[in-house]
Every structure is written in structure tokens, then in C-alpha cells.
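Engineer: With the sequence up front, the predicted model follows.
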Amino acid sequence: MFEKLKKYCLAVVQLTEGELELIDKNFEVREIKRKDFLLQDGKVCDFIGFITEGTIRHFHVKDGVEKTCDISFENSWVTDFQSFTHNTLCIMNLQAMTNTTVFIIKKENLYKLYNDCNKYETFGRIMAEQVAQRATEIAMSLSSDKPEERFKNLLKKQPDLFQKVPQKYIANFLGISPESLSRIQKRIHSKQKS
């Protein structure tokens with residue numbers, strides 16, 4: 001059942017068959033329908049999730065307006081690390097943009113997994129580093145890249161983005177209006193034609 005996650009883990013750390021079986025004992029499957037939430041603000045995040053299929057939008061609400069912070073796709077980890085680490089109420093929402101399957105590990109099971117096999121501690125550190133690196137990339141891009149560059153980079157990483165995520169959320173993530181995104185798309189399209 002967790003073959004995709006096991007394959008991902010093996011690419012990061014060397015695990016024996018017995019160590020891989022610990023995934024079956026500690027993870028659970030969560031199916032989320034499009035527009036439903038994996039996590040809503042005001043709750044404590046007590047899990048880390050691995051997206052095996054689908055797309056999840058990360059957003060918070062400021063002054064009544066949704067602000068998209070990230071969009072995660074297959075083979076990505078999702079959580080609210082601040083809430084998870086400090087046991088505080090989260091301000092982040094994790095919403096499925098398509099029907100999505102997530103493998104969830106609860107906090108207590110994660111610590112049990114670390115105790116049962118120290119290789120998973122190494123894996124957990126690497127996973128956290130990847131999440132932190134992603135957050136840094138987003139912050140750097142928003143502060144230094146022009147919207148067109150951000151859009152091109154996003155499309156390069158996720159060419160089927162528009163089939164999975166509505167344009168208004170993509171524009172919000174890029175920090176521009178949907179109209180500006182349309183203009184950028186037209187500009188890029190006309191450059192490709194000529």
C-alpha cells in the first residue's frame with residue numbers, strides 16, 4: 001500500500017525490508033476530496049503528510065483575504081511545522097485542489113518510529129531540510145524575481161499546473177492578480193509563436 005513512500009524513503013536512506021515494514025505500522029492513508037481540508041487554521045497540527053497523489057494548496061487568511069503560500073504536488077511533504085513542533089494552534093490551511101491521497105504519520109508515531117529505527121531520524125532531518133529549502137526558495141523568488149520569472153520557474157517544475165490548480169490560486173501564489181497572470185501567459189505564448 002505504501003510502495004510509493006517506501007521507494008521515496010529508499011532514495012534518501014538505505015533501509016532493510018524489516019525497517020521498511022515500519023512504514024506500514026506507523027502511517028495511515030487519508031483520502032481528501034477536491035476542496036476539502038487536510039488541515040484548517042485554529043487546530044493543532046499533529047501530523048506530517050506525504051502526498052502520493054494529488055495537489056494541496058497552503059494558505060492563510062489575512063484581513064479576510066486568502067493568501068496562497070505554496071502549492072504542493074505528488075512526492076511532497078506537508079505539515080504546519082510551527083504548530084507541529086510547538087503544539088500551538090496553526091494559522092495555515094491545507095486544502096486539496098484535486099482528489100488527493102496523503103500518507104499521514106501522527107506525531108506520536110513519528111517519535112516511536114525514530115525510537116524503533118534511528119535511520120528514520122536521519123530521514124526526518126533530510127525531509128525537514130527539504131521543506132525548509134522549499135520555503136527559502138519561495139521567499140527568495142518573491143523578493144527578487146519578477147512575476148514572469150516566477151511563473152516560468154513554476155511551469156518548469158510543474159508543467160501540468162493549470163490542469164490541477166485554478167488560475168486565481170496560481171496568481172495569488174505568484175503575488176499577482178489573475179489579470180496580470182493572463183497578460184504574462186499571453187506574452188510568453190506570443191514569444192513562443194515568433
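Structural biologist: Okay, I see it. Note that this is a predicted model, so its numbers are computed, not measured.

Engineer: give me the element the nearest residue to residue 81 once chain neighbours are set aside is part of.
Structural biologist: By the measure of CB to CB, 6 or more residues apart in numbering, the closest residue to residue 81 outside its immediate chain neighbours is residue 131, 6.9 Å from it. C-beta: built from backbone N, CA, C; applies to glycine. Under DSSP states H and E, the secondary-structure element containing residue 131 is helix 118-144.

Engineer: could I have the very next helix or strand once past that helix exported to CSV, CA atoms only?
Structural biologist: Scanning forward in sequence from helix 118-144, with DSSP H and E defining helices and strands, the next element found is helix 147-157. Once non-C-alpha atoms are left out, helix 147-157 reads as follows in CSV (Å, rounded to 0.1, in the frame of the first residue of the first chain):
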residue,chain,number,x,y,z
PRO,A,147,6.5,37.8,-11.8
GLU,A,148,7.2,36.4,-15.2
GLU,A,149,10.3,34.7,-13.9
ARG,A,150,8.4,33.2,-11.0
PHE,A,151,5.7,32.0,-13.4
LYS,A,152,8.3,30.4,-15.8
ASN,A,153,10.0,28.6,-12.9
LEU,A,154,6.7,27.3,-11.6
LEU,A,155,5.7,26.0,-15.0
LYS,A,156,9.2,24.4,-15.5
LYS,A,157,8.7,22.4,-12.2
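
Engineer: Just want the angle from helix 147-157 to helix 118-144.
Structural biologist: Orientation check (axes from the mean of the first three to the mean of the last three CA atoms, to 10 degrees): helix 147-157 against helix 118-144 gives 150 degrees.

Engineer: SS state for residue 24?
Structural biologist: With DSSP: H, G, I helix; E, B strand; the rest coil as the basis, residue 24 sits in helix.

Engineer: Perfect, that will be all.
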